[in-house]
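In: Quick one: sequence plus predicted model below, questions after.
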Amino acid sequence: MADLAVGTPLDAYLAQVVQADAGLRDTAAVVTAVAEAAIDISAVIGRGALGGDLAATGDQNSDGDVQKALDVIAHDRVTAALRGAPVATVASEEATDVMVLNPGAPLAVAIDPLDGSSNIGVNMVVGTVFGIRPAIQGDDVEASFRTPGTTQLAAGFVNYGPATTLIVTFGKGTQTFVLDREQGQFRLTVAAMKIPAAAKEYAINASNARFWDPPVKAFVEDCLRGSEGPRDKDYNMRWLGSMVADMQRVLTRGGVFLYPGDSRKGYARGRLRLLYEVAPVAMLIEQAGGTATDGQERILDLVATGIHERAPLICGSAEEVACVGTYYAGGKPDAGRSPLFGQRGLIRP
Ligand SMILES: O=P(O)(O)OC[C@H]1O[C@](O)(COP(=O)(O)O)[C@@H](O)[C@@H]1O
Ligand SMILES: [Mg+2]
Ligand SMILES: [Mg+2]
C-alpha cells in the first residue's frame, strides 16, 4: 500500500485498501457503514443533555448491565447501518442473541455499540468497538463467532472524545483517523501507529486489588515499588473507566492495560467480552507492534463458546505484557518481602 498523506479521507484510504486486496471490498464497506453511524452517534453525544438524558436507565442487557439510553441509541444506529452493508449476522453487547441481518451475506460483525457506559452522563470519553469476520453460512447463526480472533479481517474502535477518532486495522498496521466535522468525514492522521516496547504506565482498576489473582497483585505491587523494586523504574497509573479511551492512550504512547480475572462473583474471566471488546483491541494492539494476552495465552488464539463470553485482557507494550506473563509463570520475586511495605504487601495479606 502506498504511503498515505495526513488528511487522506477515509473513503480514499479504503479505496487503496481494496485496490491492494480486492478480497477486502466487503470488509471496507462495513467500515464505511460503522464510520457513518459513528458520525451520527458523535453528534448525539456532542449535544449532551440538550438531547435528553443519555444516561437514563432501561432494561438489563444479557451481561446483567443496566442499559442506558445511549447504549440503545448506539446499538440501533450501528445495526441499522450494518443492515445496509454486506453483513449476515451481528453479535452485539446490547442484544442477547445473534442478530440475522442479511442471510447469505459474506461477513459477521461483533460490536460493542457503546463502550465505557459508566462514563455516560458525566461527559467522559466513550466509544464504539467492532470486529469483522467471514460469515460461516448455515443454520447455526453463532458459528461465525466461534472462531479465533485471528480470523478477523478488520477491527477498530471509535472514540467520542475531544476529537472523534477512528482507529482501525485491516491486518496491515493500525491507522488513526479524525472526524473532520466541517467536511463530515474521517481523515487520516496516523498511517502506522507504533506502541513503544517499554513503558512506565499501567492501567488497572486499583479498587479491585483485594480480588486480584496473586500474579497481578505481585506485578502491581512491583509497579508501586517503582525504582526501589525489581521493575527498577517509577510508574504512572491511569484508569479512565472506558476501555477505548485507555486503549487510544496505550496505542499512542505505550503502557500496559490490565483487566484481569478476579475473585468477585462473575469476574473469574474479568469484565471485558472476548468477541466485541478484547479480540478487536488485540488485533489493533498487535498490528501496532504490541502484544495482548489473557495473562498467559495470546488473545487472538482464543475461541469464544458464547457471544458474551468474557476474557481477561493484559495488553500494550510488549516488554510490560511479557513481564506480567512471567508473574503468571511464577518467575518473579515475592513482593511480600518488599522493604517498602515490610512483611505485609500493600495489597497482599
Ligand atoms: O467499571 P470497571 O470495573 O472499572 O470497568 C471499566 C470497564 O468496563 C467497561 O466500561 C465495559 O464496557 P461497557 O461499558 O461497554 O460495558 C470498559 O469500557 C471499561 O474499561
Ligand atoms: Mg465495552
Ligand atoms: Mg458497551
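Out: Received it, and whenever you're ready, just let me know what you need. Ligands and ions are numbered 1, 2, ... in the order given.

In: Point out the residues in the protein that sit beside ligand 3.
Out: When proximity is defined as CB under 5 Å from the ion, the chain approaches ligand 3 at 93, 112, 114-115. Yep, even glycine has a C-beta here, placed from its N, CA and C like the rest.

In: give me the subset of those residues touching ligand 2.
Out: Within these, those near ligand 2 by CB under 5 Å from the ion are 112, 115.

In: Let's see which of the residues of the chain next to ligand 3 end up in strands.
Out: Of the positions in the residues of the chain next to ligand 3, 112, 114-115 sit in strands, assigned by DSSP state E.

In: On the pLDDT front, check the closest residue to S118 other than its chain neighbours for me.
Out: The spatial neighbour of S118 that comes closest, neighbours along the chain excluded (CB to CB, 6 or more residues apart in numbering), is G241 at 5.2 Å. The model reports G241 with a pLDDT of 97.

In: in which helix or strand would I find the most centrally placed residue in the chain?
Out: In the chain, the residue lying closest to the centroid (CA atoms, centre = their mean) is V281, at 3.8 Å. Using DSSP states H and E, V281 falls within helix 279-287.

In: Could you see whether ligand 1 lies near that helix?
Out: No: figure legend: helix 279-287 not in contact with ligand 1 (CB under 6 Å from any ligand atom); closest approach 10.1 Å.

In: residue boundaries of the strands in the stretch 201-349 of the chain?
Out: Using DSSP state E, counting those that start in this stretch, the strands found in the stretch 201-349 of the chain span residues 201-203, 236-238, 256-259, 291-293, 313-316.

In: Can you tell me the element A88 falls in?
Out: Residue-wise, A88 maps onto strand 87-92 under DSSP H and E.

In: still on that earlier bit, mind checking how far the helix holding V281 is from the chain centre?
Out: 8 Å (CA atoms, centre = their mean, to the nearest Å).

In: residues of that helix that come out buried?
Out: Of all the residues in helix 279-287, those buried under the rule 16 or more other CB atoms under 10 Å are 279-287.

In: Likewise for stretch 80-96?
Out: 81-82, 85-95.

In: swap in stretch 182-196?
Out: 185-191, 193, 195-196.

In: ok, so of the residues you listed, who is nearest ligand 1?
Out: Within the buried residues of stretch 182-196, the smallest distance to ligand 1 is 17.9 Å, found for I195 (CB to the nearest ligand atom).

In: Does the closest one touch Q287 like I think?
Out: No: assessed by CB atoms under 8 Å, I195 is found out of contact with Q287, at 9.8 Å.

In: What sits closest to R77 if chain neighbours are left out?
Out: Nearest to R77 is A37, by CB to CB, 6+ apart, at 4.4 Å.

In: For that neighbour, pull up the helix or strand it's in.
Out: Using DSSP H and E, A37 maps to helix 25-46.

In: mind checking how far stretch 76-93 is from the chain centre?
Out: That offset, for stretch 76-93, works out to 18 Å (CA atoms, centre = their mean).

In: quick check: mean pLDDT across that stretch?
Out: The model assigns stretch 76-93 a mean pLDDT of 98.

In: who's in contact with L24?
Out: Counting by CB atoms under 8 Å, 6 or more residues apart in numbering, L24 makes contact with 17-18, 153-154, 170.

In: Can you check the pLDDT for it?
Out: Reported pLDDT at L24 in the predicted model: 98.

In: do the same with V126
Out: pLDDT, V126: 98.

In: so what's it bridging to?
Out: Y160 (DSSP bridges).

In: Kindly report the same for the one 4 residues further on.
Out: Legend: beta-bridge partners of F130 under DSSP bridges are I111, G156.

In: So what's the gap between stretch 130-143 and the chain middle?
Out: The answer for stretch 130-143 is 20 Å, by CA atoms, centre = their mean.

In: Span of that stretch from start to end?
Out: 18 Å (CA to CA, to the nearest Å).

In: what do you get for stretch 209-218?
Out: Stretch 209-218 end-to-end distance (CA to CA) = 10 Å.

In: quick one: average pLDDT of it?
Out: Stretch 209-218 carries an average pLDDT of 96.

In: any idea how far that stretch is from the chain center?
Out: Worked out by CA atoms, centre = their mean, stretch 209-218 lies 22 Å from the chain centre.
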